[in-house]
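1. need a structure here:
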Amino acid sequence: MSIIISYNRYQYNWYVGELYHSFANHMSSLYGNIQIKSLSDMAKEYNEPLDVRENTLASVFNIYSLIVHNTDTNVSFLHSLADYAPVILEHKDALQKLNVKAFAFCSHHTQEVINRYKNDNINLIPSFYILENWNDYNLISEYKNVTNKQKSCYFNGLCYGHREHYVNHLKNNPFFVMRNKSKLSDYRSKKDYYQELSEHKYGLSINGVAQICYRDLEYFGMGSLCIREPMSLITKDNLQENVHYKTILDNFVRNNIYYPEKKEEVAQYIIDKINNISDEEEKYILNNASNWFDNNALPDKQIKFLHDCLIKNSII
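-> Numbering: from 1, shown residues only. Alright, predicted model coming up:
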């Protein structure tokens with residue numbers, strides 16, 4: 001068996017590159033005859049674009065991809081941690097050249113996407129999401145056991161699109177701590193961020209490019225109850241409303257978030273919904289979220305999942 005593994009490590013502590021690098025090392029320790037190739041070399045070999053193709057759409061070989069190719073059988077497995085992962089399915093030339101039999105991804109993995117590409121003869125596998133930095137686990141472990149949390153709701157993230165409207169609606173209400181990390185006054189180092197998050201019982205998850213983000217995993221790992229918008233995403237171990245998170249940013253909130261005159265009403269609506277969560281339900285959700293984090297967000301579990309995908313899809 002001859003296997004090529006292709007990825008881009010990019011830079012120290014970048015989670016995507018460090019995970020794929022660790023996976024490649026794991027495979028080399030098991031099988032020995034693993035050839036490592038950069039994505040740029042693979043793209044040149046197949047005469048395909050590296051990062052983007054026409055209309056700036058992501059290519060198969062973009063920086064968030066992992067490719068495992070069996071040269072004996074000429075079949076491939078593809079994994080993506082890109083926010084627009086399904087767009088890669090439109091890069092049909094490269095998929096055919098690599099003979100991709102299975103594609104695992106998390107972001108935008110919905111039933112609609114499955115239906116759209118069901119005739120492409122590629123097994124679409126729901127995958128995991130990740131933290132931003134490889135060493136975030138150390139900080140989560142350091143701060144996750146804080147017990148005297150304030151009954152308040154915390155958000156810290158880039159504020160683009162409708163996120164900005166949430167911040168503008170909620171930032172002046174004392175129940176909420178809303179930070180726009182693109183502003184110097186709101187920026188926190190990673191250590192300060194996790195320390196600050198650990199002080200709050202609730203974490204606000206506002207959809208960005210995808211329906212899932214670092215914050216969901218951070219809240220699960222830190223023991224802050226995840227308050228979010230509706231989710232139709234399919235993940236490796238499926239995330240469920242009222243089991244792993246609470247959907248409180250519902251249609252009422254999302255329909256009124258653009259009207260400044262509604263900010264007090266929206267803030268009070270969210271607070272009332274949170275106050276209606278019983279202690280029993282809160283403990284139930286926090287426990288399930290913590291278990292999900294341990295089973296889906298730890299590197300060794302992610303590496304095992306990638307390895308299992310290769311076996312189940314006859315790549316190795």
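
2. mind listing the helices in the chain by residue range?
-> Counting by DSSP state H, one finds helices in the chain at the ranges 15-31, 39-45, 92-98, 111-116, 136-143, 162-170, 190-197, 214-222, 251-256, 263-275, 279-296, 299-312.

3. so how far is the fourth one from its chain's centroid?
-> Same thing as helix 111-116. 19 Å (Cα atoms, centre = their mean, to the nearest Å).

4. where does this protein dip in pLDDT?
-> Applying pLDDT under 70 to the chain flags no residue at all.

5. who wins for proximity to Asp72 among the helices of the chain?
-> Closest to Asp72 of the helices of the chain is helix 15-31 (Cβ to Cβ; 12.4 Å). C-beta coordinates here come from the backbone N, C-alpha and C atoms, glycine included.

6. can you give me the buried ones in the closest one?
-> By neighbour count with 16 or more other Cβ atoms under 10 Å, helix 15-31 contains the buried residues 15-24, 26-27.

7. how about that helix as CSV, C-alpha atoms only?
-> Provided in CSV are the C-alpha atoms of helix 15-31 (Å, rounded to 0.1, in the frame of the first residue of the first chain):
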residue,chain,number,x,y,z
TYR,A,15,-5.2,24.5,14.4
VAL,A,16,-5.9,23.3,10.9
GLY,A,17,-2.2,22.8,10.0
GLU,A,18,-1.2,21.3,13.3
LEU,A,19,-4.1,18.8,13.3
TYR,A,20,-3.3,17.6,9.8
HIS,A,21,0.4,17.5,10.7
SER,A,22,-0.3,15.4,13.7
PHE,A,23,-2.6,13.1,11.7
ALA,A,24,0.2,12.6,9.1
ASN,A,25,2.6,11.7,11.9
HIS,A,26,0.1,9.3,13.3
MET,A,27,-0.4,7.6,9.9
SER,A,28,3.4,7.4,9.4
SER,A,29,3.8,5.7,12.8
LEU,A,30,1.2,3.1,11.9
TYR,A,31,2.0,2.4,8.2
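
8. which other helices and strands does it contact?
-> For helix 15-31, the packing partners by 3 or more Cβ pairs under 8 Å, 6 or more residues apart in numbering; DSSP states H and E come out as strand 3-7, strand 34-38, strand 65-70, helix 299-312.

9. what angle sits between the longest one and helix 15-31?
-> Taking axes from the mean of the first three to the mean of the last three Cα atoms, to 10 degrees, one finds that helix 299-312 is oriented at 60 degrees with respect to helix 15-31.

10. and helix 299-312 with helix 136-143, angle?
-> If you take the same axes, to 10 degrees, helix 299-312 sits at 140 degrees to helix 136-143.

11. tell me which residues are up against helix 299-312.
-> Applying Cβ atoms under 8 Å, 6 or more residues apart in numbering, the contact partners of helix 299-312 are 19, 22-23, 26-27, 30, 66, 68, 77, 79, 102, 104, 125, 127-128, 130, 134, 137, 236, 294-296, 315-316.

12. so which pair among the buried residues of helix 15-31 is furthest apart in space?
-> Using Cβ to Cβ, the pair of the buried residues of helix 15-31 lying farthest apart is Tyr15 and Met27, separated by 18.5 Å.

13. want to throw the helices and strands packed on helix 15-31 into JSON lines with distance to Arg228?
-> As requested, these are exported to JSON lines (distance: least, Cβ to Cβ, whole Å):
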{"stretch": "strand 3-7", "distance to Arg228": "30"}
{"stretch": "strand 34-38", "distance to Arg228": "37"}
{"stretch": "strand 65-70", "distance to Arg228": "27"}
{"stretch": "helix 299-312", "distance to Arg228": "22"}
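
14. take the ones you listed and lay them out in TSV including distance to Asp51 and mean neighbour count.
-> Output for those, formatted as TSV (distance: least, Cβ to Cβ, whole Å; neighbours: other Cβ atoms under 10 Å):
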stretch	distance to Asp51	mean neighbour count
strand 3-7	14	22
strand 34-38	13	15
strand 65-70	10	23
helix 299-312	22	16
